[in-house]
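S.K.: Fold the following and give me the result.
(one chain, ligands or ions: 1)
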Amino acid sequence: MKAIRRFSVRPVLPASIAPLGDLAMNLRWSWHPPLRDIFESIDPERWLSVGADPVAMLSATPVEELDALAADEGFVARVAEAEQGLERYLAEDRWYQQWASEQGEDGAPAAIAYFSPEYGIAAALPQYSGGLGILAGDHLKAASDIGVPIVGVGLFYKTGYFRQSLNHDGWQTETYPVLDPDGLPLSLLREEDGTASVVVIDLPGGRELRAQVWRAQVGRVPLLLLDSDIPGNDDGARAVTERLYGGGGEQRLQQEMLLGIGGVRALRLWSRLTGAPTPDVYHSNEGHAGFLAVERISELVTGEGLSFDAALEAVRAATVFTTHTPVPAGIDRFERRLIEIYFGGDLAPAGVPIDSLLELGKETYEGGDSSMFNMAVLGLRIAQRANGVSKLHGVVSRDMFDGLFPGFDADEVPITSITNGVHGPTWVDRKVYEMARRHSDITDLDSRESWEAMAEIPRDEVWATKRELRQQLVTEARARVRASWIERGASPAELGWTNEILDPDVLTIGFARRVPTYKRLTLMLSDPARLKKLLLDPERPVQIVIAGKSHPADETGKQLIQQMVKFTDDPEVRHRIAFLPNYDIAMAQHLYPGCDVWLNNPLRPFEASGTSGMKAALNGALNLSILDGWWDEWFDGNNGWAIPTADGVEDPDRRDDIEANALYDLIENQVAPRFYDVDDAKLPQNWLAMVMHTVSTLGPKVRASRMVREYTERLYVPAARSGWALRDGDFAGARDLAAYKSKVRAGWDQVHVDHVESSGVGDSPEIGETLHVGAYVSLGALSPDDVEVQVAHGRTNHRGDDLHDVTTLALEHTETYEQGRHKFAGDLKLKTSGAFGYTVRVLPKHPGLASPASLGLVANA
Ligand SMILES: *Cc1c(COP(=O)(O)O)cnc(C)c1O
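M.R.: Numbering: from 1, shown residues only. All right, here's what the predicted structure looks like:
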């Protein structure tokens, strides 16, 4: 084999069409079709052959053609108009600017740093494996659309994730096409003298991990991607950013150090080189970027002379952590020993003693393993504000991390939830938008109003559009199945059948996702005979399009794929069920719109949110799903179907059987009959009613711009304000909070509720009566101002051992006795009837605490 050295030469564009270069480099084209149209119009066939990628398109266009375009007045005018449009998009005030201007003196953050290990922005920039990355991409795009000043931070993986194909046996094989950053919409951060800017991290053994920084521009949002494949690194260091989620323990740790520590350094470079404001808030999307706190603490200790504890408070106040993992086994952990090697001895970052760092990642809860360093625990300890990604996942997360807050009920664990969303302009098929535009004068196609207005579109038109979308998917699927069979060793001559698979008039069910076990790819195969019957039903057939990648190291996942592929290979059913290899953004954009039903059957409650069903819904598909993640929250009985879960059933096989049968029953008795029940005009009115209802009621909710607004209002802005409060006056607030916490921690074992007395209501109290509560408490060395003594009251069960719908009433300090004893008292008005219970407890109180549970300290009566 020849060792071919490959690099891309960017074309020099003639002056009159030079803006094409900027239009190609800003990824806004990935969600703004008119921009793509310009590139496509150069040569539609070439556009397809370069994978609808503007940078590749310009490289592939011969110089003579570019010269001809430069002389074509019409084309030049379109380019100029597009450039002005982009400039306007980048500069004009959006929701955030309006909102920020109303905040007055309270202020709004000037920049928010968003850290994520993966980003799914466009097929042309394959830096994602699945949902987490797509979500991050949608987050940046929506932030751009509504003007939230985010700057993204991530890694540049030379081979991205992997490309999936199948061998003749239906077994997943992986290839890792090497990406050339010069052929991608990326530009290198450079010093003023033109040399590449570099961040350096010290590694054990005197080694260094160096990285250069690529910038992608996602509309208004810059995205900084660190790349260690540079001269000056040894082979090991060069390989750190080779693959997304490749390699094990130590390489993973180096990746995460580069993301967290290197990421903060990249942000500092970015500010120094461009004058961009220093971020007011840092958001870690999942736990992988937790080391960002180490770097920021070290900066504050060395730069501002803070103690470790005060620096930690300043950092915590301005950090947001989002957890996505509903199972302990899914959490990123490192052996403590490894952390000691990378962050101990001479390598300890200035001001961050190794013991303090280890303490931050320690599993201090029951059943925790003291030899492990846990990145989710780190995330919760470095971030004053944390969230899960759907309401149900919030509940699951609070339960999961309850052990970090002993003495508190799970529902008081300070983890809130913000339900995920999807970026409409990326995921809604153009045909759907065009249909909407024909019927309303709405210009912002991603607004709440535009989705509500979808309900007005005539049903026959919706149905006709849906058929076109199905046809589009059928065409795409045929080409993909054929290409896959050629890779699997078939000859074109024996593949005539692939031109006949699937049917644009048959009820189409989609199922695509990564293939971890909990997603249960093969649930539908529980009873193969029954599935066949559904597929081949002469009156009401269904067809199923399936896709999904298994992590390369996950043999079980690959077996599931093989089992599925073998089923789809069967000549008896292969015209009704197809597995499409290499699920990615490009495929997804065809798949969701072409489906009538989006199937999701995870093992509840392991799907933190899920987003593919949202994308399908925006394109007029009905969800058929286990009540998990977002669907648990927004299923309303008319927007699809809930597959009943056998939650309590212990035997997993039996549980699968029960749920699979429920799935078959639903398809056979409800889904298919409704789809095929047409009126005289051949319209399935009842089906269309559900589609219209879905689009107009779910549409407004599932938007990523709704999600980013929630992050902004509920987490980013409060975090920025907490951060400023602790920073003011030379970090007086941070020092004070650290001193307070240390005092309270040291003195807490002296804090007790000694005695509670009550009066004012008789044996059978009535609504409106007032209960006087007096609490005698010991506070040891703490003062009455350091604590809140409160009555927690609510409904109780018949045993009186649990409280629900708890509200609290803070009692007033009324008397001080000797030896640290105090009385607190207050009046509680009885407002609800029924079984009522209350208890008295003492909690830490300080304006710098975002939640009274933050410290995990409480003294219960
Ligand atoms: C949306 C999307 C996902 C995530 O979907 P889930 O429902 O969270 O499993 C994964 N991969 C691609 C390509 C996607 O577009």
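S.K.: Flag every residue of the chain that's near the ligand.
M.R.: With CB under 6 Å from any ligand atom as the criterion, the chain comes near the ligand at residues 130-131, 134, 513, 583-585, 588, 610-612, 615. Every residue, glycine included, has its C-beta placed from N, CA and C.
S.K.: Swap in 8 Å and give it another go.
M.R.: 120, 128-131, 133-135, 422, 427, 512-514, 519, 583-585, 587-589, 592, 600, 607, 609-615, 629 (CB under 8 Å from any ligand atom).
S.K.: Roughly how far does the residue nearest in space to the middle of the chain sit from Ile121?
M.R.: Residue closest to the average C-alpha location in the chain (CA atoms, centre = their mean): Leu135, at 4.0 Å. Distance of Leu135 to Ile121, computed by CB to CB, to the nearest Å: 11 Å.
S.K.: Check Thr465 too.
M.R.: Counting by CB to CB - Thr465 and Ile121 are separated by 27 Å.
S.K.: Of the two, which one has the most company?
M.R.: Ile121 (28 against 20; other CB atoms under 10 Å).
S.K.: who's in contact with that one?
M.R.: Counting by CB atoms under 8 Å, 6 or more residues apart in numbering, Ile121 touches 27, 30, 127, 137, 140-141, 216, 218, 223.
S.K.: Could you report the separation of it from Pro279?
M.R.: Using CB to CB, we find Ile121 at a distance of 20 Å from Pro279.
S.K.: ok, now Leu186?
M.R.: With CB to CB as the criterion, Leu186 and Pro279 are 21 Å apart.
S.K.: swap in Ala70?
M.R.: From Ala70 over to Pro279 (counting by CB to CB), the distance is 41 Å.
S.K.: Comparing those two, which residue is more hemmed in?
M.R.: Using other CB under 10 Å, the more surrounded residue of Ala70 and Pro279 is Pro279, with 25 against 17.
S.K.: pretty sure that one is in contact with Ile112, am I right?
M.R.: Yes: contact criterion CB atoms under 8 Å: Pro279 and Ile112 qualify, at 5.9 Å.
S.K.: Find residues that contact each of these two.
M.R.: Residues within reach of Pro279 and of Ile112 at once, by CB under 8 Å, 6+ apart, are Val151.
S.K.: tell me the phi and psi of Leu155?
M.R.: Main-chain torsions, Leu155, degrees, to the nearest 10: phi -120, psi 150.
S.K.: Could I get the contacting residues of it?
M.R.: 117, 127, 225-227, 241, 244, 255, 258-259.
S.K.: can you do 7 Å?
M.R.: The neighbours of Leu155, taking CB atoms under 7 Å, 6 or more residues apart in numbering as the test, are 117, 225-226, 241, 255, 258-259.
S.K.: Go through these and name the one nearest the ligand.
M.R.: Taking CB to the nearest ligand atom as the measure, the ligand sits nearest to Pro117 out of the contacts of Leu155, at 14.7 Å.
S.K.: Now the closest one. Nearest residue, chain neighbours left out?
M.R.: Spatial nearest neighbour of Pro117, excluding adjacent residues (CB to CB, 6 or more residues apart in numbering): His288 at 4.3 Å.
S.K.: ok so the one you found is a helix residue?
M.R.: Yes: assignment of His288 by DSSP: H, G, I helix; E, B strand; the rest coil places it within a helix.
S.K.: what's the distance between it and Val708?
M.R.: Distance from His288 to Val708, by CB to CB: 21 Å.
S.K.: repeat for Ile341
M.R.: As judged by CB to CB, Ile341 and Val708 stand 39 Å apart.
S.K.: Backbone dihedrals for the residue in the stretch 151-300 of the chain that the ligand sits nearest to, please?
M.R.: Relative to the ligand, the nearest point of the stretch 151-300 of the chain is Tyr161 (10.1 Å; CB to the nearest ligand atom). Main-chain dihedrals, Tyr161, degrees, to the nearest 10: phi -80, psi -130.
S.K.: That one: what's it in contact with?
M.R.: Listed by CB under 7 Å, 6+ apart, the contact set of Tyr161 reads 126, 128-129, 244.
S.K.: Skipping adjacent residues, who's closest to whichever residue of the stretch 51-200 of the chain sits closest to the ligand in space?
M.R.: For the stretch 51-200 of the chain, the residue closest to the ligand is Gly131, as judged by CB to the nearest ligand atom, at 3.2 Å. Closest residue to Gly131 apart from its sequence neighbours, by CB to CB, 6+ apart: Thr611 at 5.9 Å.
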